[in-house]
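> Sequence and predicted model, in that order:
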Amino acid sequence: MVHGYDIKTSLDFFRKLLDEREDWLKTRTSARHAINCAITAWQLHDWVFAEKEKYPFMNQFATKNDFKSYLKSKENFQTLHDLADGAKHYVITNRDTTIISTSTSSWAQLSRSKERVKDKTPQLFLTFRFGKGGGIMAFDDLLYLITLYWYEFFRDKLNEDVETMLDHGGYTYF
């Protein structure tokens with residue numbers, strides 16, 4: 001088993017996600033930082049599952065695919081998986097994806113409302129399949145929801161002391 005330098009546990013990998021989120025928060029239109037966040041946020045499942053013996057909550061998952069299915073049943077994880085895969089591969093050929101497109105735009109540019117939306121701040125957006133149509137989501141919102149999910153997962157399901165990590169890590173709170 002080879003680990004990346006000082007990243008040896010799933011909690012270390014969660015810290016990596018928080019570090020990448022901090023980088024992204026400084027440059028919210030950086031595709032590079034967004035891609036790093038998406039890939040790390042999705043791959044965190046692999047690290048958590050690898051340490052399943054350490055966490056009683058994880059006993060309910062016989063295989064990694066069981067755990068992945070559990071996560072994908074949570075809101076936004078399928079979209080996260082599709083974004084991470086789409087960022088790693090030029091073409092996803094083995095399955096359909098929920099992501100229709102990604103773009104840099106602003107809410108003002110994307111608004112179809114007759115009432116003018118005033119927010120012209122450039123952001124990264126995802127257009128994705130949702131129900132019979134589609135939806136648009138700012139990457140900022142997706143990253144917030146996924147990072148918050150993992151934070152609560154480590155705190156509530158795995159009983160890790162993530163509060164102390166946040167207090168001493170200089171991280172932006174949720």
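Alright, I've got the coordinates.

> Every contact and neighbour count from this point should use C-alpha atoms.
Fine.

> show me where pLDDT drops low in the protein?
Scanning the chain for pLDDT under 70 picks out 1-3, 87-97, 112-116, 174.

> what about the helices in it?
Counting by DSSP state H, the chain has helices at residues 10-26, 31-50, 64-72, 77-88, 107-110, 139-152, 162-169.

> Out of those helices, which is closest to F125?
F125 lies closest, by C-alpha to C-alpha, to one member of these: helix 139-152, at 5.4 Å.

> which of the residues in that closest one are buried?
F139, D140, L142, L143, L145, I146, T147, Y149, W150, Y151 (16 or more other C-alpha atoms under 10 Å).

> Rebuild the helices of the chain as a markdown table, extending it with distance to Q123.
Converted to a markdown table, the helices of the chain look like this (distance: least, C-alpha to C-alpha, whole Å):
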| stretch | distance to Q123 |
| --- | --- |
| helix 10-26 | 11 |
| helix 31-50 | 10 |
| helix 64-72 | 25 |
| helix 77-88 | 16 |
| helix 107-110 | 8 |
| helix 139-152 | 8 |
| helix 162-169 | 26 |
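
> closest one to K118 among those helices?
helix 107-110 (5.7 Å).

> contacts for that closest one?
Outside of helix 107-110, the residues within contact range by C-alpha atoms under 8 Å, 6 or more residues apart in numbering are R116, V117, K118, D119, K120, T121.
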